[in-house]
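Trainee: Any chance you could fold what I've pasted below:
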Amino acid sequence: MLQWFHRLMPRQAKFYPLFERHAAVVVAAARSLRAMLAGGDQLKLRCQDIVALEHEADGIAREVLISLRTTFITPFDRADVQSLITAMDDSIDQMQQTAKAIVLFEVVTFEDEMRAMADAIVECAELVQRAVSMLPELARNAAEINEISLQINRIEGDADEMHDRGLERLYQKAKAGNPMEFIRGNEIYNHLENTVDRLEDVANEIQGIVIEHA
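Mentor: This next block holds a predicted model:
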């Protein structure tokens with residue numbers, strides 16, 4: 001009777017392809033955000049691109065959560081599946097918030113540290129994508145996934161230093177000029193820092209899965 005029931009239930013669904021699709025969308029959004037911070041006259045269009053990508057990512061995340069309710073066997077614990085896709089979705093949500101803040105505050109020129117943080121975001125997103133692609137062979141790839149997680153942790157530490165250094169420079173410039181520039185710049189720096197933090201959260205979720213299941 002139990003075997004008959006198992007045959008009726010979907011098995012494994014398509015969690016890994018969904019994770020990989022979501023990771024690819026996160027990378028695309030990160031690259032669009034970096035393009036925004038390069039400046040130019042396409043900021044609103046870039047923001048619209050990121051908003052569209054965030055909506056696409058939301059759809060993939062919903063598909064994962066629906067599959068959780070209808071799938072008998074999952075690749076790892078249900079709570080881990082939910083935590084991972086939620087962390088991934090939070091990262092692109094934060095990218096969208098960053099892009100919207102840039103447009104809202106009409107920021108058109110960007111500090112060197114802001115651009116460096118955007119580079120860090122792309123690097124982290126690409127590393128997450130690489131780690132996610134290794135999840136189907138978790139045991140075999142455990143050491144490499146752990147190394148990727150450590151790389152992301154190091155990049156996050158470097159980004160924190162960029163954030164602090166950039167804010168200090170911005171404050172010194174604002175003292176002799178327009179204080180509003182510091183307020184706007186501080187907002188962008190904080191959004192960028194939060195984006196890196198959310199990507200580090202994804203790395204930590206993946207590392208936790210490796211520790212528990214590899």
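Trainee: What's the local residue count around Pro17?
Mentor: Here the count is done by other C-beta atoms under 10 Å, and Pro17 has 11 residues near it. Glycine gets a C-beta too; all of them are placed from N, C-alpha and C.
Trainee: can you map out the helices along the protein?
Mentor: Under the criterion DSSP state H, the chain carries helices at the ranges 2-8, 15-37, 43-70, 78-104, 112-133, 138-175, 179-213.
Trainee: For the residue lying closest to Asp77 once chain neighbours are set aside, give me the pLDDT.
Mentor: Closest residue to Asp77 apart from its sequence neighbours, by C-beta to C-beta, 6 or more residues apart in numbering: Glu212 at 7.2 Å. The per-residue pLDDT reported for Glu212 equals 89.
Trainee: With Trp4 instead?
Mentor: 42.
Trainee: quick one, what contacts the most centrally placed residue in the chain?
Mentor: Nearest to the mean C-alpha position of the chain, by C-alpha atoms, centre = their mean, lies Ser91 at 3.2 Å. For Ser91, the contacting residues are Val26, Ala125, Val128, Thr195, Arg198, Leu199, Asp201, Val202, taking C-beta atoms under 8 Å, 6 or more residues apart in numbering as the criterion.
Trainee: neighbours around the residue nearest to Glu54 when sequence neighbours are not counted, how many?
Mentor: For Glu54, the nearest residue in space outside its immediate sequence neighbours is Gln96; the separation is 4.3 Å by C-beta to C-beta, 6+ apart. Gln96: 21 surrounding residues under other C-beta under 10 Å.
Trainee: do the same with Glu126
Mentor: Glu126 has 16 neighbours, counted by other C-beta under 10 Å.
Trainee: One more: the one 3 residues further on?
Mentor: Other residues within reach of Gln129 by the criterion other C-beta under 10 Å amount to 20.
Trainee: tell me the pLDDT at the residue lying closest to Asp112 once chain neighbours are set aside?
Mentor: Closest residue to Asp112 apart from its sequence neighbours, by C-beta to C-beta, 6+ apart: Gly166 at 7.7 Å. Confidence at Gly166, expressed as pLDDT, is 96.
Trainee: likewise the one 4 residues further on?
Mentor: Confidence per residue is given as pLDDT, and for Leu170 that number is 91.
Trainee: for Gly40, same thing?
Mentor: Gly40 is assigned 85 on the pLDDT scale.
Trainee: One more: Asp112?
Mentor: 96.
Trainee: picking that back up, I'd like the contacts of Ser91 as TSV, with pLDDT appended.
Mentor: Supplementary listing: the contacts of Ser91 in TSV, determined by pLDDT from 0 to 100:
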residue	pLDDT
Val26	99
Ala125	99
Val128	99
Thr195	99
Arg198	98
Leu199	99
Asp201	98
Val202	98
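Trainee: Now the buried members of those.
Mentor: Among those, those buried by neighbour count (16 or more other C-beta atoms under 10 Å) are Val26, Ala125, Val128, Thr195, Arg198, Leu199, Asp201, Val202.
Trainee: what residue ranges in this structure score low on pLDDT?
Mentor: Scanning the chain with the threshold set as pLDDT under 70 gives 1-13, 214.
Trainee: correct me, but Ile121 touches Glu193?
Mentor: No: using C-beta atoms under 8 Å, Ile121 is not in contact with Glu193; the gap is 10.0 Å.
Trainee: So those two - more neighbours on which side?
Mentor: Ile121 (30 against 23).
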